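A.B. asks: have a look at this fold, sequence not included:
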């Protein structure tokens, strides 16, 4: 009998009122995930134009890439870190956490399972942020165009700033893409984060069409 | 007026630290046969981090973590005679002593531990335990060495310790108490966040240590401190073991001596860093508690017995 009670207690996920050691009573719902559910906001650029130009120059010259290899093209990031191509001389560095990176490097095909993680990581990055998509798979699906399991066009799900074609592109092509991204940022055209916030409903609807097991908050802060 | 001097000292130190970071990045790159980053890259990185548009706060302690860290670095700096005998760079050095500076050395680490803990990220929590274990082990030989020289000079005042080393190169603690110097220089490696003792912050390990959740201006604050803290620590070592930097006849000569001394003491950690691979935390804790700790104990015994 005691065993039965124990098991019953384990599966008791109902909402209930709990008393804390301090005597305070509050309601707890074990099934609810506690997170911030505020929608993303548009953060307009600074109104003082020369200042914004300077900021954009700094942003362009100090690029922190999120080292998250989503597909086969991610292997092309490695030569960029080494002595052969050495991207650090152009102010490109890799950070291991989305919180501290500004450029999301999508390295090729994104399966449905990966797309979920891409969306999560993208939303955790702090704006202004940019997406850098390599390989044909991110543009039109590439060789996986009719796969049941991969998406075809990445910019239906997150705003993409620069595409680099190829299967796979060589590191030189990626360096050239980084150069293009820098130009875009310096011209003030790298407003992907604001675009995402403006068209949030559209992006969310597209994402939810693909990701069937949606078990995360609508916006991950 | 002292406050203005202190702020100016911190400002100059930030610039010196940023230039050093650029040089060190270049050294690391050249060792790996890369061309390496631009010397002024740390400036751009830090400005770019300050002008991020969005940021997320996880709570009061999370907010205070970088502030504590900055207080730790700045605190060491303003209570040190950066240039001995000069009113400009000594700011509050007569107001604090060795004990206060030792508190400040640990304050930043503790603040970071509490801040990283409140971010709620499991990686931050595990990195905090690893970081605290390693820092505590690294502080042990340093504190033994400091005990040794404090008994040697019979004072806790850094100004007097520097004053006792003036006159000749042979008066430096390096020559009067070599064992304490060696123990402290080995402990120095552990607090500079460079290989072989950088497992806590290494991006290739559990990323990226306590600041996993820190972003935007919070991270900018931490990056600012990363420039101050190593330089402050280097100045402390120069003061304690290498005769300090006394005010010479000309300011130019004073600055040349200052930059030479701090640069080479700082480079000690860089040269070791580029040469040796990374220790695990348990290995580094064992390493600190063997030879450096034994040297520290020997230094105390030698001073006490007057050998």
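C.D. replies: Done, it's in. What you see is a predicted model, and the numbers here were worked out from it, not measured in a lab. Numbering: from 1, shown residues only, chains lettered A, B, ... in the order given.
A.B. asks: hang on, residue B:29 packs against residue B:36?
C.D. replies: Yes. The pair residue B:29 / residue B:36 is scored as a contact, 2.6 Å apart, by Cβ atoms under 8 Å. To be clear about C-beta, it is placed using only N, CA and C from the backbone, and glycine gets the same treatment.
A.B. asks: more crowded one of these two?
C.D. replies: residue B:36 (22 against 17; other Cβ atoms under 10 Å in any protein chain shown).
A.B. asks: what is the neighbour count of residue 45?
C.D. replies: As the question left the chain open, I've gone with chain A. Neighbours around residue A:45, by other Cβ under 10 Å: 16.
A.B. asks: nope, chain B
C.D. replies: Residue B:45: 23 neighbours (other Cβ under 10 Å).
A.B. asks: got it, and residue B:94?
C.D. replies: Other residues close to residue B:94 by other Cβ under 10 Å number 14.
A.B. asks: can you check residue A:166 too?
C.D. replies: Residue A:166 has 14 neighbouring residues, counting by other Cβ under 10 Å.
A.B. asks: contact partners for it?
C.D. replies: Counting by Cβ atoms under 8 Å, 6 or more residues apart in numbering or on different chains, residue A:166 touches A:134, A:135, A:136, A:173.
A.B. asks: whatever helix or strand the last one lives in near chain B at all?
C.D. replies: Put plainly, it is residue A:173. Assessed by DSSP states H and E, residue A:173 sits inside helix A:171-186. No. On the criterion Cβ under 8 Å from any Cβ of the partner chain, helix A:171-186 is out of touch with chain B, staying 10.6 Å away.
A.B. asks: joint contacts of residue B:29 and residue B:36?
C.D. replies: A:86, A:88.
A.B. asks: burial count for the residue of the stretch 101-250 of chain B found nearest chain A?
C.D. replies: In the stretch 101-250 of chain B, the residue that lies nearest chain A is residue B:207 (3.2 Å; Cβ to the nearest Cβ). By other Cβ under 10 Å, 17 other residues sit near residue B:207.
A.B. asks: before we move on, what about the one 4 residues further on?
C.D. replies: In terms of burial, residue B:211 registers 27 neighbours under the definition other Cβ under 10 Å.
A.B. asks: my guess is it contacts residue B:221, does it?
C.D. replies: No. Assessed by Cβ under 8 Å, residue B:211 is found out of contact with residue B:221, at 10.2 Å.
A.B. asks: for the helix holding residue A:173, name the packing helices and strands.
C.D. replies: Identification of packing neighbours for helix A:171-186 by 3 or more Cβ pairs under 8 Å, 6 or more residues apart in numbering or on different chains; DSSP states H and E yields helix A:49-61, strand A:63-66, helix A:77-81, strand A:130-134, strand A:162-164.
A.B. asks: and of these, who's closest to chain B?
C.D. replies: So among these, helix A:49-61 is nearest, using Cβ to the nearest Cβ, at 4.3 Å.
A.B. asks: what angle do the closest one and helix A:171-186 make?
C.D. replies: Going by axes from the mean of the first three to the mean of the last three Cα atoms, to 10 degrees, helix A:49-61 is angled at 160 degrees with respect to helix A:171-186.
A.B. asks: model confidence for residue B:297, exactly?
C.D. replies: You'll see residue B:297 listed with a pLDDT of 95.
A.B. asks: does chain A have contacts with the helix or strand harbouring residue B:15?
C.D. replies: With secondary structure defined by DSSP H and E, residue B:15 is part of helix B:2-31. Yes. On the criterion Cβ under 8 Å from any Cβ, helix B:2-31 is in touch with chain A at B:25, B:29.
A.B. asks: near chain B, which residues of chain A?
C.D. replies: A:43, A:55, A:58-59, A:61-62, A:67, A:82-83, A:86, A:88-89, A:91, A:93-97, A:99-100, A:102, A:126-128, A:193, A:221.
A.B. asks: quick one: buried ones out of these?
C.D. replies: A:55, A:58-59, A:61-62, A:67, A:86, A:88, A:91, A:93-97, A:99-100, A:102, A:126-128, A:193 (16 or more other Cβ atoms under 10 Å in any protein chain shown).
A.B. asks: buried stuff in the helix or strand of chain B with the lowest mean pLDDT?
C.D. replies: Least confident helix or strand of chain B, by mean pLDDT, DSSP states H and E, is helix B:87-90 with a mean of 75. In terms of neighbour count (16+ other Cβ under 10 Å), helix B:87-90 has its buried residues at B:89, B:90.
A.B. asks: enumerate the positions of the next helix-or-strand element following that helix that are buried.
C.D. replies: Using DSSP H and E, the next helix or strand after helix B:87-90 towards the C-terminus is helix B:98-118. By 16+ other Cβ under 10 Å, the buried positions in helix B:98-118 come out as B:98, B:100-102, B:104-105, B:107-118.
A.B. asks: tell me what helix B:98-118 is packed against?
C.D. replies: helix B:60-78, helix B:122-153, helix B:158-164, helix B:216-241.
A.B. asks: out of those helices, which gets nearest to residue B:52?
C.D. replies: Smallest distance to residue B:52 across the helices and strands packed on helix B:98-118 (Cβ to Cβ): 4.0 Å, for helix B:216-241.
A.B. asks: what mean pLDDT does the following helix or strand past that closest one have?
C.D. replies: Counting by DSSP H and E, the next helix or strand C-terminal to helix B:216-241 is helix B:251-275. Looking at helix B:251-275 alone, the average pLDDT works out to 93.
A.B. asks: which residues touch the residue of chain A found nearest chain B?
C.D. replies: Nearest residue of chain A to chain B, counting by Cβ to the nearest Cβ: residue A:96, 3.2 Å away. Contact partners of residue A:96, counting by Cβ under 8 Å, 6+ apart, are A:67, B:203, B:204, B:207, B:208.
A.B. asks: so which strand or helix has the residue lying closest to it once chain neighbours are set aside?
C.D. replies: Sequence neighbours aside, residue B:207 is the residue nearest to residue A:96 in space, at 3.2 Å (criterion: Cβ to Cβ, 6 or more residues apart in numbering or on different chains). Under DSSP H and E, no helix or strand contains residue B:207.
A.B. asks: please consider this matter closed, and thank you.
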